[in-house]
Every structure is written in C-alpha cells, then in structure tokens.
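Student: have a look at this prediction, sequence included:
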Amino acid sequence: MQRCVVHFYRNVWTAVPTGKVKEVASMLKAIHSQEDAEAAQQKARLDIEKLR
C-alpha cells in the first residue's frame, strides 16, 4: 500500500507547478489523514476548489 501512495504522489508532482508542490503535498497529506473515505472525499473536493 505505501508504495502505491508514493507512486501516486510522484505522478501528481509531474502535473504540479514547482512553486505549488509544498502546498499540494500538504493538501494530499490532509486528505490521506481523514477518518474515513467520505471525509477524505469531502476534503479532496474542497482542496480541488481552492486550487482552481
């Protein structure tokens, strides 16, 4: 499982501008630390809106 997350993060970094990597990393860590899948999905939706 951990390896899959690492590869997911690496794929994300290829699409993120260099200046935003730390911000997006923080968002991803917050999503992954949610209590359940529903909370993670809600957090992801909020973060997507912030990035737009």
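Tutor: Received the coordinates, thanks.

Student: pass me the low-pLDDT residue ranges in this structure, would you?
Tutor: Residue ranges of the chain with pLDDT under 70: 1-3.

Student: so where do the strands sit in this structure?
Tutor: Under the criterion DSSP state E, the chain carries no strands.

Student: just give me the residue right at the centre of the chain.
Tutor: Taking Cα atoms, centre = their mean as the criterion, Leu28 is the residue nearest the geometric centre of the chain, at 2.4 Å.

Student: residues contacting that one?
Tutor: By Cβ atoms under 8 Å, 6 or more residues apart in numbering, the contact set of Leu28 is Tyr9, Val12. All C-beta atoms are positioned from the backbone trio N, CA, C, and that covers glycine.

Student: which residue is the nearest non-sequential neighbour of Ala25?
Tutor: Of all residues not flanking Ala25 in the chain, Tyr9 sits nearest, at 7.5 Å (Cβ to Cβ, 6 or more residues apart in numbering).

Student: ok, that neighbour to Val24 distance?
Tutor: Applying Cβ to Cβ, to the nearest Å, the value for Tyr9 to Val24 is 9 Å.

Student: what residues of stretch 12-26 count as buried?
Tutor: Residues of stretch 12-26 classed as buried by neighbour count (16 or more other Cβ atoms under 10 Å): Val24.
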